[in-house]
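Colleague: make a model of this:
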Amino acid sequence: GRPAEEGTVMQNGHSLAAMQHVARGGGQGDEVARQRPRDGARSGGEDLDSLDFDTVNNPYMVDCGRRPPRGVLGYSGKTFARWLLTVLTGVGVALAARCLSLMIDEVARLRNNVLQSLFDAGGSDRRALAFFVAYNLSLVLIAASLTIYLEPSAAAGGIPELQAYLNGTHVKNFLRLRTIFIKIVGTVLTVSSGLACGQEGPLIHIGAGIASGMTRGEKLYRKLLCIPLDEPRRLKHPVLDFFRNDRDRREFICAGAGAGMAAAFGAPVGGVLFALEEAASHWSPQLIWRCFTATLIATFTLAFVKAGENSGDISLAGLLSFGTVRSVGDMRREVLNDDGTINVSAVDAPVFWWELVFFGL
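Modeller: Okay, here's the model as predicted:
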């Protein structure tokens with residue numbers, strides 16, 4: 001019989017203040033969207049929470065949804081903002097992939113230049129070997145130290161954690177900015193050191209982190225302007241609150257993961273299939289189109305950025321490359337025809353003999 005006061009738990013376990021916050025901002029804040037299980041129900045440790053992918057359904061929200069604020073770009077511009085962030089996600093993933101590749105090349109080139117100078121100076125093989133081992137070992141130690149002591153969430157490829165996140169398990173610190181930065185630095189150091197690892201798997205985690213950052217505009221806005229999180233909001237556009245809920249964030253993260261896969265292999269359709277078959281737990285036509293848009297933008301942007309070193313050719317997309325294949329016969333001699341073309345016989349075809357033996361067995 002008593003009227004519900006502000007802060008009193010209402011229908012579906014939400015408070016009136018939380019529902020009013022959702023109605024004003026257009027998102028389901030962390031106090032609404034994320035439901036923490038009871039201590040006795042925890043099975044994944046202190047760093048695991050559950051995510052709420054269902055929309056808030058109560059009389060207050062339904063009444064507010066009947067009268068959405070109209071703007072020039074549809075209903076408050078949310079549709080336009082959604083597609084804009086999807087395009088920006090693809091561009092950001094492509095630029096991150098290109099920077100990752102360039103840094104790996106520079107670190108490896110520095111090592112190779114020093115080794116070449118040691119050989120040119122007539123140094124002993126032991127000295128060159130000692131430098132090679134010390135250089136690579138230093139890179140591995142730095143990468144391991146950053147991961148162990150600064151951000152353990154950046155360890156490994158990150159695909160299992162991403163699958164868990166998209167299936168409703170919130171992994172703490174998995175998609176924050178510092179984790180993605182440590183992931184990039186660690187990937188550069190480990191790949192440059194010569195370990196049996198690549199940049200394709202981490203790019204999926206990096207793409208998901210970039211997409212997650214697109215949905216957390218308010219936190220990024222406050223950090224850039226040095227505004228404390230507990231200070232009342234000011235100079236803030238409503239678009240910063242459009243996608244602050246687990247449901248929309250799931251779709252953006254799925255698109256970002258697909259863009260990372262597409263940027264790594266230069267395959268936009270492959271990125272969409274990976275996102276839908278291996279990562280996503282929810283399918284919808286809107287999600288498929290957003291994933292395809294993000295992967296297509298990421299592939300084209302990366303190919304456009306790489307066109308400078310490929311004589312303007314934008315057909316060479318992706319980061320995975322096996323280099324130029326030369327056969328044993330081509331390396332021994334190149335026989336020219338009368339018209340100047342190279343004479344390639346069956347023996348001189350670009351197939352190594354050990355490949356025939358190995359794969360034949």
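Colleague: please count neighbours and contacts with C-alpha atoms only from this point.
Modeller: Will do.
Colleague: where in the chain is pLDDT low?
Modeller: 1-77, 217-243, 310-361 (pLDDT under 70).
Colleague: can you pull the domain assignment for it?
Modeller: Domain assignment for the chain by automatic domain parsing gives 11-66, 78-310, 328-360.
Colleague: quick one, helices of the stretch 101-250 of the chain?
Modeller: Taking DSSP state H, counting those that start in this stretch as the test, the helices found in the stretch 101-250 of the chain are 125-145, 159-166, 177-192, 200-215, 217-224, 246-265.
Colleague: looking at those, which is closest to F274?
Modeller: Nearest to F274, of all the helices of the stretch 101-250 of the chain, is helix 246-265, at 6.4 Å by Cα to Cα.
Colleague: and the residue lying closest to D125 once chain neighbours are set aside, how many neighbours?
Modeller: Spatially, and ignoring its direct neighbours in sequence, D125 is nearest to F119 (7.9 Å; Cα to Cα, 6 or more residues apart in numbering). Using other Cα atoms under 10 Å, F119 has 14 neighbouring residues.
Colleague: with V269 instead?
Modeller: 17.
Colleague: so it, which of the three states?
Modeller: Classification of V269 using DSSP: H, G, I helix; E, B strand; the rest coil returns helix.
Colleague: so what's it closest to, chain neighbours aside?
Modeller: Residue nearest to V269 in three dimensions, not counting chain neighbours: F292, with 7.0 Å by Cα to Cα, 6+ apart.
Colleague: that neighbour: helix or strand, and which one exactly?
Modeller: Per DSSP states H and E: F292 is located in helix 285-306.
Colleague: and L85, by the same measure?
Modeller: Using DSSP H and E, L85 falls in helix 78-120.
Colleague: returning to what we had before: quick check, the residue nearest to D125 in contact with A128.
Modeller: Yes. F119 lies in contact with A128 (Cα atoms under 8 Å); the separation is 7.5 Å.
Colleague: excluding its backbone neighbours, what's nearest A294?
Modeller: G90 (4.5 Å).
Colleague: give the burial count for that neighbour, as a bare number.
Modeller: G90 has 34 neighbouring residues, counting by other Cα under 10 Å.
Colleague: likewise P160?
Modeller: Residues lying near P160 (other Cα under 10 Å) number 12.
Colleague: and the gap between it and A130?
Modeller: 37 Å (Cα to Cα, to the nearest Å).
Colleague: with A164 instead?
Modeller: Using Cα to Cα, A164 is found at 43 Å from A130.
Colleague: what about these two, which has more around it?
Modeller: Taking other Cα under 10 Å, A164 and A130 do not tie; A164 has more neighbours (16 against 10).
Colleague: for that one, give me its contacts.
Modeller: 170-171 (Cα atoms under 8 Å, 6 or more residues apart in numbering).
Colleague: check the helices of the stretch 101-250 of the chain for me and report the most buried one.
Modeller: A comparison of the helices of the stretch 101-250 of the chain by mean neighbour count, using mean count of other Cα atoms under 10 Å, puts helix 246-265 on top with a mean of 30.
Colleague: who are the packing partners of it?
Modeller: The contact analysis (3 or more Cα pairs under 8 Å, 6 or more residues apart in numbering; DSSP states H and E) places helix 246-265 against helix 78-120, helix 159-166, helix 200-215, helix 268-274, helix 285-306.
Colleague: kindly export that helix (C-alpha atoms) in CSV.
Modeller: In CSV, the C-alpha atoms belonging to helix 246-265 read as follows (Å, rounded to 0.1, in the frame of the first residue of the first chain):
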residue,chain,number,x,y,z
ASP,A,246,24.7,-5.4,-23.5
ARG,A,247,22.3,-6.1,-26.3
ASP,A,248,23.7,-3.4,-28.7
ARG,A,249,27.3,-4.0,-27.5
ARG,A,250,27.0,-7.6,-28.4
GLU,A,251,26.2,-6.8,-32.0
PHE,A,252,29.0,-4.3,-32.3
ILE,A,253,31.6,-6.6,-30.7
CYS,A,254,30.5,-9.4,-33.1
ALA,A,255,31.0,-7.1,-36.1
GLY,A,256,34.4,-6.0,-34.7
ALA,A,257,35.6,-9.6,-34.4
GLY,A,258,34.5,-10.3,-37.9
ALA,A,259,36.3,-7.2,-39.1
GLY,A,260,39.5,-8.4,-37.4
MET,A,261,39.3,-11.7,-39.1
ALA,A,262,38.6,-10.0,-42.5
ALA,A,263,41.6,-7.7,-42.1
ALA,A,264,43.9,-10.5,-41.2
PHE,A,265,43.1,-12.7,-44.2
